[in-house]
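Enquirer: only geometry, no sequence info:
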């Protein structure tokens with residue numbers, strides 16, 4: 001695996017984690033949205049589906065250098081889709097709410113703020129770790145260039 005493959009892997013992970021963070025913040029922002037555009041009911045929590053790309057070789061064989069079969073097999077990660085959660089809305093009694101039904105109940109999104117914060121913190125931490133890996137790769141490239149100059 002070349003050093004440039006490492007850059008591509010980290011870059012794909014940065015993109016995926018940014019998208020994951022955006023979905024988690026959207027879920028948090030809409031935790032109390034009882035009506036979406038079009039009036040189809042409350043906001044539906046969204047989840048990201050990530051998939052590895054390339055990298056069909058086993059990890060051990062990826063570490064083996066000098067074999068042509070391993071050249072170019074490094075992968076990454078990508079967001080394949082954002083899906084809506086199928087959980088039923090949470091019904092709360094609030095007859096004064098503008099979206100209350102005839103019985104006084106309002107349907108709220110099935111968004112758990114604690115779970116969304118955990119997801120957000122996980123994606124931010126993964127982003128930071130991949131940014132560190134990207135910087136380490138950049139430093140190795142720069143040091144290699146500096147060695148070749150001398």
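Expert: The structure has been received and is ready for your questions. Nothing here was measured: the structure is a model prediction, and the numbers come from that model.

Enquirer: where are the low-confidence patches of this protein?
Expert: Per-residue confidence for the chain (pLDDT under 70) gives these ranges: 1-3, 55-74.

Enquirer: excluding its backbone neighbours, what's nearest the spatially most central residue of it?
Expert: Centroid-nearest residue in the chain: residue 20, 2.5 Å away (criterion: C-alpha atoms, centre = their mean). Nearest non-adjacent residue to residue 20, counting by C-beta to C-beta, 6 or more residues apart in numbering: residue 123, 4.1 Å away. For every residue, glycine as well, the C-beta is placed using N, CA and C.

Enquirer: Roughly how far does that neighbour sit from residue 129?
Expert: The gap separating residue 123 from residue 129 is 11 Å, by C-beta to C-beta, to the nearest Å.

Enquirer: These two: which has the busier surroundings?
Expert: Neighbours were counted for residue 123 and for residue 129 using other C-beta atoms under 10 Å; residue 123 has more, 21 against 13.

Enquirer: Check for me that that one belongs to a strand.
Expert: No: counting by DSSP: H, G, I helix; E, B strand; the rest coil, residue 123 is not found in a strand; it is helix.

Enquirer: which ones are touching residue 131?
Expert: 10, 14 (C-beta atoms under 8 Å, 6 or more residues apart in numbering).

Enquirer: Sorry, slip of the keys, the one I care about is residue 25.
Expert: By C-beta under 8 Å, 6+ apart, residue 25 lies in contact with residue 120.

Enquirer: Assign it to helix, strand or coil.
Expert: Under three-state DSSP, residue 25 comes out as helix.
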